[in-house]
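Chemist: I'll drop the sequence and a predicted model, then ask my questions.
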Amino acid sequence: MLEIQSLTKRFGGLTAVHDVSISFEKGKINAIIGPNGAGKTTFFNLISGAIRPTSGKILFDGNDVTGLRADQVAQLGVSRTFQTTTLFDRATVLDNLIVGHRLRTRSGLMDVILGSRRLKEEERLCREKAAEALDFVGLSHVTDRIAADISQEERKRVAFAMALCTEPKLLLLDEPAGGVNPEETVGLAQLIQKIVATGLTVCLIEHKMDMIMSLADKIMVLNYGEKIAEGTPAQIRANPVVIEAYLGSESEHAEA
Ligand SMILES: Nc1ncnc2c1ncn2[C@@H]1O[C@H](COP(=O)(O)OP(=O)(O)OP(=O)(O)O)[C@@H](O)[C@H]1O
């Protein structure tokens, strides 16, 4: 469903992603690991259209999406979360979701001024979808809570809900379990499994190796922008190149 061919991104003299090719299958959990600065976030930025590649191709669901803008890629069904979840802290959790969703709906300024039927219908749909997404991620109980008052783990779940509201086919998760405790990490891993069970494809960046090893179907390892390995968790764990470059210092990364 996602095929990356010889993808390269240079920032001036620095090659952040260098000649990376990989494919991700539908309905699977794919992980990208690697040391800090390895190019993981840049890789996500390229897939989601936030930045344009220097060279290479990105095929999503059979479409060549190379060089498309982020909104165009989102429209085709790619959604993402970020390392830090930015919310409108003084608004309720539900309102945060509604705002997020409205950015993708169709009413224009004239609809707002005229209070058109389409606008009203979209608003109703939006509210319904937001509530549904919150229920799916296990947050029905905080719907009306002010965003500033929810926990870090709940913020992570809100980010999931926001991404799901846009009904994506591919979900890119940037450190979905960053800054939460081990017990909450298990809960978030279960949520990711619940998401792929609905047919979505997930691709995640994560430093928590225990989580990755038990969750991922496929792992890609980046080092200095280059893909040094890909495979199942068992294959990656046993790969001498990966151990040398990354897993050797696993204790430093494990619960960062
Ligand atoms: N917009 C940019 N301009 C210049 N250099 C950049 C830019 N974005 C990233 N880089 C550089 O590209 C390299 C890869 O960065 P990237 O953030 O993709 O790594 P990462 O693997 O996500 O790291 P981390 O685990 O710390 O988030 C780094 O050397 C970084 O400084």
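Modeler: Structure received.
Chemist: to the chain's geometric centre, what's the distance from stretch 41-58?
Modeler: 14 Å (CA atoms, centre = their mean, to the nearest Å).
Chemist: Could you list the buried residues of that stretch?
Modeler: The neighbour-count check on stretch 41-58 (16 or more other CB atoms under 10 Å) flags Thr41, Thr42, Phe43, Phe44, Asn45, Leu46, Ile47, Ser48, Gly49, Pro53, Gly56, Ile58 as buried. Heads up, the C-betas are built off the backbone N, CA and C, glycines and all.
Chemist: I figured Arg90 was touching Ala147, is that so?
Modeler: Yes - at 7.5 Å, Arg90 counts as touching Ala147 under the criterion of CB atoms under 8 Å.
Chemist: Next, find the distance separating Asp149 from the ligand.
Modeler: Between Asp149 and the ligand the distance, using CB to the nearest ligand atom, to the nearest Å, works out to 28 Å.
Chemist: Could you do Glu122 as well?
Modeler: Glu122 is 35 Å from the ligand, by CB to the nearest ligand atom.
Chemist: That residue: neighbouring residues, count only.
Modeler: Applying other CB atoms under 10 Å, we find 17 other residues in the vicinity of Glu122.
Chemist: Quick check: which element contains it?
Modeler: Assigned by DSSP states H and E, Glu122 belongs to helix 117-136.
Chemist: And that helix, what's buried?
Modeler: Result for helix 117-136 [16+ other CB under 10 Å]: buried residues Leu119, Glu122, Cys126, Lys129, Ala130, Ala131, Ala133, Leu134, Phe136.
Chemist: quick one: which of those is nearest Pro168?
Modeler: Ala133 (11.4 Å; CB to CB).
Chemist: how about low-confidence regions in the protein?
Modeler: 102-115, 249-256 (pLDDT under 70).
Chemist: interface residues of the stretch 1-150 of the chain facing the ligand?
Modeler: Phe11, Leu14, Ala16, Gly34, Asn36, Gly37, Ala38, Gly39, Lys40, Thr41, Thr42 (CB under 6 Å from any ligand atom).
Chemist: So for Arg90 and Ala147, which sits in the more crowded spot?
Modeler: Neighbours were counted for Arg90 and for Ala147 using other CB under 10 Å; Ala147 has more, 22 against 9.
Chemist: just checking, the more buried one touches Val93?
Modeler: Yes - assessed by CB under 8 Å, Ala147 is found in contact with Val93 at 5.7 Å.
Chemist: any shared contact partners between those two?
Modeler: Jointly contacting Ala147 and Val93 under the rule CB atoms under 8 Å, 6 or more residues apart in numbering are Leu87, Val158.
Chemist: Mind listing what's buried along stretch 172-190?
Modeler: Quick answer for stretch 172-190 (16+ other CB under 10 Å): Leu172, Leu173, Asp174, Glu175, Pro176, Ala177, Gly178, Val180, Glu184, Thr185, Leu188, Ala189.
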